[in-house]
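J.: Coordinates only, no sequence provided:
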């Protein structure tokens, strides 16, 4: 539905493996002092003066993305973002990434160039050095594997939450999931009538949340500026309930989450109504919002309470009290994770 | 041909994504002081007191391996080795890896356990901490993406070779490629007659070179013990000619390589005769031997000349002299890289 039928097609075989990597990475610049040597040898060489974090994520065609509505440039961008989000969830500064791509011969060189353009854009915006990678063929489909590194002074784990800590989330939730629902619906419409021009003006925010998510680098900086060190932190990739359960399990605490406090964009609410889906369910289980979920000491509440980027949505309890959603009707429902179950079909 | 028809089959969906990762990684132990936090948070946390190297490689079913003769445990092992080889090629000590796997639902849990058993074995033998990863489904086939980290005091690049330096290789070459030829032949035989029991005794060394390669950690230690710092180094993953060209290009030198000096195992020679393939061509273009190719100053020659692990196969020249193979008949042939051209079919 967004394909340009007139695009140039250059076979991947024409450049050879080494020529291909050189070609795709020739624009990447090195900005970090910690990058001693980037692309071009058996390994990159890095020199950090402090602790580092390392995280890796795979994006698989047909599982994590659908090329019928995901532009390749956005896909490259998103493949970086999902990894940076994990770096920021450690309270770290992202510094380097490696990018590996497996791609079938059905993709021309120009498709890989699009993906790398998205990667380059993300690297520029987030000030990341691309220091290595691997490009190979696959029998079928497209797969992107990114590993991100970052520097950290005061890392924040999932395991530090204490009873009475406040549960705080950045931004708003459910947008990425509802954006996906709109895109899936338009795909079905397109199948029936390929000449239909969809009017997506009412969904611009949630579609952008799905196709071009951002990672909350600004929140890590904000917390530093506010002199708040969260007691625990995690990024919201699988949905709020799943992430709360990770924090509770690893911190050995319980939680009361207030339904009425969950931040939702008006576009999420209206689209949920249109699709006849409960917006709380979407926020709890939707995933892919790449917001940061954290716990902070009650002493730090005055520092964050005026900030529009952070919302208190509950508080931590003793482990024995369990994990509950306190509904608008003030009933308590146990929190269950659904998240993404990739292996269930 | 090596499949056990009676194996237990547990669907991957039964454990869920988080349960699956916990299950597969529960035996992994942390040994390195530099590993502050391994698997279990948004990212691993590492603390190095020196420079590090980072490298990543993808292995794709149907491109890099064929499960009809590659046991899953060996595949897990090899996926680690190919990355460690790059770490050693930097003159570094391998310390940590992340492992990401995309796998279709046709694989049962037991298959993933086999792969992880191979990864665990490699991690133990090479003293590596497994610090993170990602496991996800794929529409088709199996893909393993490994990122390896190592510590380094004196890194060795591809770019430091000087005219008159000696060209030195560890071990012997061509075994992995000829092992693959034998396995491919047996696969064809098996297709015709599944009850045929192949007698592979004459090929044990070369089959092991293909299915269970090792990375030359010992060479990095040996060079240190001998007080030799190579002027350049690269691992042989794509074939000798391709790697020589990398060194010559990045070091801006030429090379004379002596055909008669290329180390070949007797099993490689006899199998080449059986298959009617030229053994020099196999050593030059075969790849996957994971030996180390390096250049050393002539002053260091006395330190290495008695060592059975290292063979001098040529010397570097001025760039203007070009890259040549000096044949047994003392004619000079220009070296051309073939290597693996993944995108040509």
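T.: In hand now; what should we look at? All of these numbers come straight from a predicted model, not from anything done at the bench.
J.: Quick one: the helices in the stretch 201-345 of chain A, in order.
T.: Counting by DSSP state H, counting those that start in this stretch, the segments of the stretch 201-345 of chain A that form helices are A:204-211, A:217-225, A:240-251, A:266-275, A:279-285, A:301-304.
J.: Those: which one's closest to residue B:23?
T.: Among the helices of the stretch 201-345 of chain A, helix A:240-251 comes nearest to residue B:23, with 15.4 Å by CB to CB. Where you see a C-beta, it was placed from the backbone N, CA and C, and this is true even at glycine.
J.: Show me the contact partners of the closest one.
T.: Outside helix A:240-251, the residues within contact range by CB atoms under 8 Å, 6 or more residues apart in numbering or on different chains are A:157-162, A:167, A:169, A:173, A:231-232, A:234-237, A:253-255, A:257, A:262, A:283-285, A:287, A:293, A:295, A:316, A:319, A:323, A:325, A:335-339, B:18, B:40-41.
J.: and it, which residues are buried?
T.: If you call a residue buried by 16 or more other CB atoms under 10 Å in any protein chain shown, then helix A:240-251 has these buried ones: A:240, A:241, A:242, A:243, A:244, A:245, A:246, A:247, A:248, A:250, A:251.
J.: Apply the buried test to the contacts of helix A:240-251 and list what passes.
T.: Taking 16+ other CB under 10 Å as the criterion, what is buried in these is A:157-161, A:167, A:169, A:173, A:231-232, A:234-237, A:253-255, A:257, A:262, A:283-285, A:287, A:293, A:295, A:316, A:323, A:325, A:335, A:337, A:339, B:18, B:40-41.
J.: Could you list the domains of chain A?
T.: A:12-152, A:166-334 (automatic domain parsing).
J.: Could you export these as JSON lines, including distance to residue B:85 and mean pLDDT?
T.: Converted to JSON lines, those look like this (distance: least, CB to CB, whole Å; pLDDT from 0 to 100):
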{"stretch": "domain A:12-152", "distance to residue B:85": "8", "mean pLDDT": "91"}
{"stretch": "domain A:166-334", "distance to residue B:85": "32", "mean pLDDT": "95"}
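J.: Go through those domains and pick out the most buried.
T.: Per-residue neighbour counts averaged over each of the domains of chain A give the maximum for domain A:12-152, namely a mean of 22 (mean count of other CB atoms under 10 Å in any protein chain shown).
J.: distance between that one and the chain's centre?
T.: Distance of domain A:12-152 from the chain centroid (CA atoms, centre = their mean, to the nearest Å) equals 14 Å.
J.: what does stretch A:243-251 give?
T.: 19 Å.
J.: Could you do stretch A:248-267 as well?
T.: On the basis of CA atoms, centre = their mean, the separation between the geometric centre of stretch A:248-267 and that of its chain is 18 Å.
J.: Where do the strands of chain A begin and end?
T.: In chain A, the strands defined using DSSP state E lie at A:35-37, A:44-46, A:51-60, A:93-103, A:129-137, A:142-152, A:166-170, A:232-235, A:253-258, A:292-296, A:310-318, A:323-326, A:332-334.
J.: now those as a markdown table including distance to residue B:94?
T.: Formatted as a markdown table, the strands of chain A follow (distance: least, CB to CB, whole Å):
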| stretch | distance to residue B:94 |
| --- | --- |
| strand A:35-37 | 17 |
| strand A:44-46 | 14 |
| strand A:51-60 | 14 |
| strand A:93-103 | 16 |
| strand A:129-137 | 15 |
| strand A:142-152 | 15 |
| strand A:166-170 | 37 |
| strand A:232-235 | 29 |
| strand A:253-258 | 37 |
| strand A:292-296 | 33 |
| strand A:310-318 | 40 |
| strand A:323-326 | 40 |
| strand A:332-334 | 45 |
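J.: Can you lay out those as TSV showing distance to chain B?
T.: Formatted as TSV, the strands of chain A follow (distance: least, CB to the nearest CB, whole Å):
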stretch	distance to chain B
strand A:35-37	7
strand A:44-46	5
strand A:51-60	4
strand A:93-103	5
strand A:129-137	4
strand A:142-152	4
strand A:166-170	14
strand A:232-235	6
strand A:253-258	16
strand A:292-296	10
strand A:310-318	18
strand A:323-326	15
strand A:332-334	17
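J.: Of those strands, which is nearest residue A:192?
T.: Taking CB to CB, strand A:142-152 is the member of the strands of chain A nearest to residue A:192, at 26.1 Å.
J.: partners of the closest one in the sheet?
T.: strand A:51-60 (antiparallel), strand A:93-103 (antiparallel) (DSSP bridges).
J.: so the shortest one versus strand B:129-137, what angle?
T.: Which is strand A:51-60. Angle of strand A:51-60 versus strand B:129-137, following axes from the mean of the first three to the mean of the last three CA atoms, to 10 degrees, is 20 degrees.
J.: go on, the last one?
T.: Counting by the same axes, to 10 degrees, strand A:93-103 lies at 50 degrees to strand B:129-137.
J.: between the strands of chain A, which one is nearest to residue A:217?
T.: With respect to residue A:217, and counting by CB to CB, the nearest of the strands of chain A is strand A:93-103 at 7.1 Å.
J.: Which among the strands paired with strand A:142-152 is found nearest to residue A:275?
T.: Shortest distance between residue A:275 and the strands paired with strand A:142-152, using CB to CB, is found for strand A:51-60: 25.2 Å.
J.: Roughly how far does residue A:272 sit from chain B?
T.: Separation of residue A:272 from chain B (CB to the nearest CB, to the nearest Å) stands at 25 Å.
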